[in-house]
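1. Build the 3D model from these lines:
(one chain, ligands or ions: 1)
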Amino acid sequence: MSTMINIVKDKIPTLREKSVEVPLPLSKEDKATIDEMLVYLKNTQNEEFRKEHPEAREGVGLAAPQIGVNKRMLVISYPTGDEKDPLVEYQLVNPKIISNSIKKAYLSCGEGCLSVDEEHPGYVYRHFKVVVKAFDATKMENVTITARGYDAIVLQHEMDHLDGVLFYDHIDKKDPFKVIPGSVEV
Ligand SMILES: [Zn+2]
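-> As a prediction, this is how the structure comes out:
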């Protein structure tokens, strides 16, 4: 079903638009869209799927503007390596950061994005910790999520898409690998 999804790349102007709030209760159409997004995202993590769809790249998050829907919805899915809590997986609608740490974190390998084919080397500094309120379209209820480190970075990357912001916008062009004192390398 999700083979119909086409990923919007970063040269397409709609990817740079601010997305609109999603009316709640969630409509059947919006629920179907966010379900399809999660199916696609999980498919990209499947080697067989990527063999059949060479254009598909592996991802851990996907925001609705990346499939051409400028609505404030995103999905996240990745394994944690923790036996008790093996999967981080969210379908979030209208997410908002309600508090954040001053402390910053960055991925030592830099960030990537399904919408960005070129390499953009450099560190992307984000809040080490965020508290996010959203409507959870898996549980179909309002949730408050506290995320730190990698989890916080992925959330902020996907939420940026809802405001038309891409990871490389945050890279210091003059000094892409500058280290901010007190920041956490993830
Ligand atoms: Zn992205």
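2. just checking, Asp117 touches Ile7?
-> No. Checked against CB atoms under 8 Å, the pair Asp117 and Ile7 is beyond contact range at 9.8 Å. Where C-beta positions appear, they are placed from N, C-alpha and C, glycine not excepted.
3. the more surrounded of those two?
-> Set Asp117 next to Ile7 and count neighbours by other CB atoms under 10 Å: Ile7 wins out with 20 against 13.
4. was I right about Ala137 contacting Arg72?
-> No. Using CB under 8 Å, Ala137 makes no contact with Arg72, being 11.6 Å away.
5. Need the overlap of contacts for those two.
-> Common contacts of Ala137 and Arg72 (CB atoms under 8 Å, 6 or more residues apart in numbering): Val93.
6. Nearest the geometric middle of this protein, what residue?
-> Most central in the chain under CA atoms, centre = their mean is Glu158, positioned 2.6 Å from the mean C-alpha point.
7. Now do the host helix or strand of it: distance to the chain's middle.
-> Per DSSP states H and E, Glu158 falls inside helix 149-161. Its chain's C-alpha centre lies 6 Å from the corresponding centre of helix 149-161 when counted by CA atoms, centre = their mean, to the nearest Å.
8. Same question for stretch 92-112.
-> A distance of 10 Å separates the centroid of the chain from that of stretch 92-112, by CA atoms, centre = their mean.
9. likewise stretch 86-100?
-> 9 Å.
10. Tell me the buried residues in it?
-> Residues 88, 90-95, 100 are the ones in stretch 86-100 that count as buried (16 or more other CB atoms under 10 Å).
11. so what's Glu83 up against?
-> Per CB under 8 Å, 6+ apart, neighbours of Glu83: none.
12. Which pLDDT value does the model give the residue nearest to the centre of the chain?
-> The model reports Glu158 with a pLDDT of 98.
13. Out of the buried residues of stretch 86-100, list just those in strands.
-> In strands, judged by DSSP state E, the following of the buried residues of stretch 86-100 are found: 88, 90-95, 100.
14. what's the most distant pair in these?
-> Farthest-apart pair in these is Gln91 and Asn100; separation 22.0 Å (CB to CB).
15. in this structure, which helix or strand is least confident?
-> The helix or strand of the chain with the poorest confidence is helix 47-52; it has a mean of 95 (mean pLDDT, DSSP states H and E).
16. following that one, which helix or strand comes up?
-> Downstream of helix 47-52, the first helix or strand assigned by DSSP H and E is strand 61-63.
17. Pull the residues that contact the least confident helix or strand of the chain.
-> Outside helix 47-52, the residues that touch it by CB under 8 Å, 6+ apart are 43-44, 56-58.
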